[in-house]
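Colleague: sequence-free structure coming up:
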């Protein structure tokens, strides 16, 4: 950094178009290092500097101050009102990042920034992005009472939606048409499909190469209309690339609904991989992977999923739709959660432990625990870490440090669930 030769007028940008120089001199190599900026927002923020001491309104921080590579940190509190040009969305995104330099919107403390919509009707969203806004990360928010928790409009690519808690809303996450290369990772979505919202799904993707991993989705209230993970493309150019749905945990489906339902024009995908998911149905008319007659070629692969109260891994509960060669290693069994409906970590005797496959499995689980911990990958959003050599090593990374304390605090406050947080074995999860 700042050690290169001045080539002004000859080489004015780097390989991704960043202006040279960014610092006191040219950088060496193909990339110019950009010093990213942190801005701060709060529910009552009204400043223009967007500092930690004088935060701005969220929409001012995002749409006026932030540029590619910057981070907007949201202070703890309830965000209930949109202040951006009368737009009927809570947090409105009208900026774009760039390759290698996304704009990151992040709760300063996990789930401390609470995005609360005035009602869960159709067109009021927790986060809304206008068309052609790409390279955005949304991380660690609590979002509730919305038509959609996160709604990304058409032609927005390379988004990451990670670590959010979305509940009591119509739809958890919805992607518009041709939203390509989106990663939906480590979110917990529950109590969705609420009455009056006209929205039904936990995660609704469209576009090329979506990756849906490590999510916990439970308690849909919309009956047979909805699906836990749903999507495809309505019309036009088929989505391309690889669809990956791996290591998610889904619980409590209602009659006739679907755990995973791709639909529409799916012929463009090079591969559709549905691996290592847990689907726990609370009745026997639920479908795991249902699309109908398109499931005849080898691009569809449904492997090592754990199904409870679901007869067929592909099809409805009266017939199988997939070719036998496309399905393998799926297990019909109770996964033995720590507590059904509330704590989806695995008991030590769970048949999901070490029964997954490595293909498309994420490197860490919902809590950030490295995969695998045993002889194989576990099925579902949680990797069973077993008994640590030191019980205070809550995340089982080999060290006892502030990260373990942070996990315990989040368990106490309800921000996380982790059966290992009872560090002294007294039956109470606390920091003693």
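Modeller: Sure thing, it's come through. Here the structure is a predicted model, which is why all the values come from computation and not from measurement. Residues are numbered from 1 along each chain as shown.
Colleague: Name the SS class of residue 64, please.
Modeller: helix (DSSP: H, G, I helix; E, B strand; the rest coil).
Colleague: residue contacts, it?
Modeller: Contacts here follow Cβ atoms under 8 Å, 6 or more residues apart in numbering; on that basis residue 64 touches residue 56. Any C-beta I mention is one placed from the backbone N, CA and C, and that applies to glycine too.
Colleague: rerun that using 10 Å as the cut-off
Modeller: 39, 48, 50, 56, 57, 84, 94, 95 (Cβ atoms under 10 Å, 6 or more residues apart in numbering).
Colleague: With respect to pLDDT, which of those ranks lowest?
Modeller: The member of these with the lowest pLDDT is residue 84, at 57.
Colleague: can you give me the offset of stretch 204-219 from its chain's centre?
Modeller: Chain-centre distance of stretch 204-219: 7 Å, with Cα atoms, centre = their mean, to the nearest Å.
Colleague: pLDDT of that stretch, averaged?
Modeller: 87.
Colleague: Pretty sure residue 405 sits in a strand.
Modeller: No. The assignment for residue 405, made by three-state DSSP, is helix rather than a strand.
Colleague: Surely residue 244 touches residue 273?
Modeller: Yes. Look at residue 244 against residue 273 with Cβ atoms under 10 Å: they come within range, at 5.3 Å.
Colleague: quick one: common contacting residues for those two?
Modeller: Here residue 244 and residue 273 have 211, 359, 360 as joint contacts, going by Cβ under 10 Å, 6+ apart.
Colleague: Let me see the backbone angles for the second one.
Modeller: Okay, so that is residue 359. Per-residue torsions, residue 359: phi -60, psi 120 (degrees, to the nearest 10).
Colleague: List the contacts of the residue nearest to it when sequence neighbours are not counted.
Modeller: Counting by Cβ to Cβ, 6 or more residues apart in numbering, the nearest residue to residue 359 once its immediate chain neighbours are dropped is residue 275, at 6.1 Å. By Cβ under 10 Å, 6+ apart, the contact list for residue 275 reads 213, 244-248, 301-305, 329-330, 356-361, 377, 379.
Colleague: Now do the phi/psi pair for residue 275.
Modeller: Residue torsions, per degrees, to the nearest 10, at residue 275 are phi -130, psi 140.
Colleague: do residue 331 as well
Modeller: Dihedral angles (degrees, to the nearest 10) for residue 331: phi -120, psi 130.
Colleague: ok, how many other residues are close to it?
Modeller: Residue 331: 16 surrounding residues under other Cβ atoms under 10 Å.
Colleague: looking at it, it is touching residue 352, isn't it?
Modeller: Yes. At 7.9 Å, residue 331 counts as touching residue 352 under the criterion of Cβ under 10 Å.
Colleague: one step back: can you put the shared contacts of residue 244 and residue 273 in JSON lines and add neighbour count and distance to residue 402?
Modeller: Below are those laid out as JSON lines (neighbours: other Cβ atoms under 10 Å; distance: Cβ to Cβ, whole Å):
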{"residue": "211", "neighbour count": "20", "distance to residue 402": "30"}
{"residue": "359", "neighbour count": "14", "distance to residue 402": "35"}
{"residue": "360", "neighbour count": "20", "distance to residue 402": "32"}
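Colleague: For residue 71, which non-adjacent residue is closest in space?
Modeller: residue 104 (4.4 Å).
Colleague: Which residues are in contact with that neighbour?
Modeller: 36, 38, 66, 69-73, 97, 135-139, 160, 162.
Colleague: try 7 Å
Modeller: 71, 137, 139 (Cβ atoms under 7 Å, 6 or more residues apart in numbering).
Colleague: again, but for residue 18
Modeller: 32, 34.
Colleague: Show the contacting residues for the nearest residue to residue 75 once chain neighbours are set aside.
Modeller: Computed as Cβ to Cβ, 6+ apart, the closest residue to residue 75 that is not its neighbour in sequence is residue 42, at 4.0 Å. Taking Cβ under 7 Å, 6+ apart as the contact definition, residue 42 lies against 55, 75, 77.
Colleague: How about the last one: which residues does it bridge to?
Modeller: Legend: beta-bridge partners of residue 77 under DSSP bridges are residue 113.
Colleague: So for it, what pLDDT did the model give?
Modeller: Reported pLDDT for residue 77: 97.
Colleague: right, and it touches residue 40 too?
Modeller: No. Taking contacts as Cβ atoms under 7 Å, residue 77 lies outside contact range of residue 40: 11.9 Å.
Colleague: Of these two, which one has the most company?
Modeller: Between residue 77 and residue 40, residue 40 has the larger neighbour count (other Cβ under 10 Å), namely 23 against 14.
Colleague: Just give the nearest non-adjacent residue to the more buried one, would you?
Modeller: residue 55 (4.0 Å).
Colleague: Verify the contact between the one you found and residue 75 for me.
Modeller: Yes. Between residue 55 and residue 75 there is a contact under Cβ under 7 Å: 5.9 Å.
Colleague: which neighbours do the two share?
Modeller: 40, 41, 42.
Colleague: Show only the entries of the residues you listed found in strands.
Modeller: Per DSSP state E, strands hold the following members of the shared contacts of residue 55 and residue 75: 40, 41.
Colleague: Dump the shared contacts of residue 55 and residue 75 to JSON lines, plus pLDDT.
Modeller: As requested, the shared contacts of residue 55 and residue 75 are arranged in JSON lines below (pLDDT from 0 to 100):
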{"residue": "40", "pLDDT": "97"}
{"residue": "41", "pLDDT": "96"}
{"residue": "42", "pLDDT": "96"}
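Colleague: and which of the shared contacts of residue 55 and residue 75 is nearest residue 229?
Modeller: residue 41 (30.6 Å; Cβ to Cβ).
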